[in-house]
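Undergrad: After the sequence you'll find the predicted model.
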Protein chains: 2
Amino acid sequence: MGRWEPDAAGRLREAAMALYAERGYDGTTVAEIADRAGVTARTFFRHFADKREVLFAGSELLQEHMVAALAGAPADATPMEAMTTAVLASADFFDDIRREYSRRRSAVIMSTPELRERELIKMATLTTALTQGLLDRGVAPDIAALAAETGVAVFKVSFERWINAADDVPISDVLQATLKNLAGLTA
Amino acid sequence: MGRWEPDAAGRLREAAMALYAERGYDGTTVAEIADRAGVTARTFFRHFADKREVLFAGSELLQEHMVAALAGAPADATPMEAMTTAVLASADFFDDIRREYSRRRSAVIMSTPELRERELIKMATLTTALTQGLLDRGVAPDIAALAAETGVAVFKVSFERWINAADDVPISDVLQATLKNLAGLTA
DNA sequence: CGAGTGATGTCATTGACTGACATCACCGAT
DNA sequence: ATCGGTGATGTCAGTCAATGACATCACTCG
């Protein structure tokens, strides 16, 4: 595989998280990340498109999982019911073990506008994918777009609440509470 | 004022729009924008924080307008009613005259991931401001965040529909139709 | 008319990112 | 075991965005 040690991408991810948390995103150079991972800066860019992306590798997995859940919802489910299925499926990715990592990562992202931008475009991509999923179910375009936006809004709000919640609150509970709030909002 | 001609910022904005539309964002250098505007690249960065921001100057105005509308809603309005007021107020910024400019600008932004990111963070900032506006009205935090996200979702979906709609459809009509769709979504 | 102010130009530098090309570890075929 | 191919990495040179320091010019006010 690699020239020396395997899993250069993994080492780069860890090095980046550590340095971003320690010195901040702006205070960290790609060369430093690469150094800590035992490679050159050129190799960093072979694994990640840019300095931000190193924190977001793997975000396709969550998206694929939610889209699959959406596709798996009963054919006679309403658009919002199907979206609910997808939103609740996100809980599979955020168990209590990953909570601490999620907190650290989220803290870094929230404190850096550039990283926040990247996070937002990931969410927008998720929205697009879910919209397409609804279209595949035969939902009208306008409704699909709106339902997807709303679903992602629920996820965002829930995730942030979960991050800030006590350690024993599962994210699924937060998601359900937020969905309930949503129902009450328009009633 | 300026060393030579006044309104350097305005000339830079126009030059940027023209070049981005013509050669694409990536194919345009800041030096080229500055050249066309008759200034140096250094001056570009005195007027705009970075190469993206030149397309987003003035976005605070929309936000302030919507927040003001939110604050002006009747004290006994529900959170969603208040948000509706704010969302409908956005129509004041997008009359038929600005439609063509909005289309051109939107086309450039949508075709460039970096610009899309910037657009998204502007929307997120708007969401935050509206959330705060609801908090100021005494709305509970969870509800406020969700209502703001939902309201911005309505605006996003509507704006995109308006951009793609026939020339004689006012954005206020689209906004109202989307709000109606939202009401039907959870019913 | 001269000092002050604000916007601009000039220069040097850092750091993200890319293309071209050389190099090395490993694997499979002979 | 050796050779050639393949893929990941290193090296080098270059572009461009972004910033700090300092000089300069136009305009205004006293």
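TA: Done, it's in. Numbering: from 1, shown residues only, chains lettered A, B, ... in the order given.

Undergrad: Might you list the low-confidence residue ranges for chain A?
TA: Applying pLDDT under 70 to chain A picks out residues A:1-3.

Undergrad: what residue lies at the spatial centre of chain A?
TA: Centroid-nearest residue in chain A, with CA atoms, centre = their mean: A:Ser59, separated by 5.2 Å.

Undergrad: Need the phi and psi values for that residue.
TA: Here is the backbone geometry of A:Ser59 (degrees, to the nearest 10): phi -70, psi -10.

Undergrad: Which helix or strand contains the closest residue to it other than its chain neighbours?
TA: Residue nearest to A:Ser59 in three dimensions, not counting chain neighbours: A:Lys122, with 5.1 Å by CB to CB, 6 or more residues apart in numbering or on different chains. All C-beta atoms are positioned from the backbone trio N, CA, C, and that covers glycine. Using DSSP states H and E, A:Lys122 falls within helix A:113-136.

Undergrad: what about that helix, near DNA strand D?
TA: No - Helix A:113-136 does not reach DNA strand D (CB under 7 Å from any atom of the strand); its nearest approach is 9.3 Å.

Undergrad: Distance from that helix to the middle of the chain?
TA: Between the centre of helix A:113-136 and the centre of its chain there are 9 Å (CA atoms, centre = their mean, to the nearest Å).

Undergrad: which secondary structure elements does that helix contact?
TA: In this structure, helix A:113-136 packs against helix A:59-72, helix A:79-89, helix A:96-110, helix A:141-164, helix B:113-136, with contacts taken as 3 or more CB pairs under 8 Å, 6 or more residues apart in numbering or on different chains; DSSP states H and E.

Undergrad: Is A:Met123 in contact with A:Lys156, as I believe?
TA: Yes - applying CB atoms under 8 Å, one finds A:Met123 in contact with A:Lys156, separated by 6.6 Å.

Undergrad: dump the residue contacts of the residue nearest to A:Ala107 when sequence neighbours are not counted.
TA: Leaving aside its chain neighbours, A:Ala107 sits nearest to A:Ala21 (7.4 Å; criterion: CB to CB, 6+ apart). Contacts here follow CB atoms under 8 Å, 6 or more residues apart in numbering or on different chains; on that basis A:Ala21 touches A:Arg104, A:Ala107, A:Val108.

Undergrad: what's the spacing between the second one and A:Met17?
TA: Between A:Ala107 and A:Met17 the distance, using CB to CB, to the nearest Å, works out to 11 Å.

Undergrad: From DNA strand C, how far off is A:Ile163?
TA: Relative to DNA strand C, A:Ile163 is positioned 26 Å away (CB to the nearest atom of the strand, to the nearest Å).

Undergrad: Angles on the backbone of A:Gly38, please.
TA: Per degrees, to the nearest 10, the backbone of A:Gly38 is at phi 80, psi 30.

Undergrad: just A:Val30 next, same as before
TA: Dihedral angles for A:Val30 - degrees, to the nearest 10 - are phi -60, psi -40.

Undergrad: surely it meets A:Glu53?
TA: No - using CB under 8 Å, A:Val30 is not in contact with A:Glu53; the gap is 11.3 Å.

Undergrad: More neighbours: these two, which one.
TA: A:Val30 (18 against 14; other CB atoms under 10 Å in any protein chain shown).

Undergrad: What is the neighbour count of the closest residue to the more buried one other than its chain neighbours?
TA: Using CB to CB, 6+ apart and skipping the chain neighbours, the partner closest in space to A:Val30 is A:Ala41 (4.9 Å). A:Ala41: 13 surrounding residues under other CB under 10 Å.

Undergrad: Return the residues in contact with A:Ala41.
TA: A:Val30, A:Ala31, A:Ala34.

Undergrad: Let's have those in a markdown table, adding distance to DNA strand C.
TA: A markdown table is the format used below for the contacts of A:Ala41 (distance: CB to the nearest atom of the strand, whole Å):
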| residue | distance to DNA strand C |
| --- | --- |
| A:Val30 | 4 |
| A:Ala31 | 6 |
| A:Ala34 | 9 |
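
Undergrad: Present the residues you listed as TSV; the columns should include distance to B:Asp167.
TA: Shown next, in TSV, are the contacts of A:Ala41 (distance: CB to CB, whole Å):
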residue	distance to B:Asp167
A:Val30	47
A:Ala31	52
A:Ala34	53
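
Undergrad: Out of the residues you listed, which comes closest to DNA strand D?
TA: Nearest to DNA strand D among these is A:Ala34, at 7.1 Å by CB to the nearest atom of the strand.

Undergrad: any idea which element the closest one lies in?
TA: A:Ala34 is part of helix A:30-37 when elements are defined by DSSP H and E.

Undergrad: next SSE after that helix?
TA: helix A:41-47.

Undergrad: Establish whether that following helix and DNA strand D are in contact.
TA: Yes - using CB under 7 Å from any atom of the strand, we find that helix A:41-47 touches DNA strand D at A:Arg42, A:Thr43, A:Arg46, A:His47.

Undergrad: so which of the residues you listed also contact DNA strand C?
TA: Okay, of these touching DNA strand C (CB under 7 Å from any atom of the strand), that's A:Arg42.

Undergrad: Put the buried members of the residues of helix A:41-47 next to DNA strand D into a ChimeraX selection.
TA: Under the burial definition 16 or more other CB atoms under 10 Å in any protein chain shown, those of the residues of helix A:41-47 next to DNA strand D that qualify are selected in ChimeraX by:
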select /A:43,47
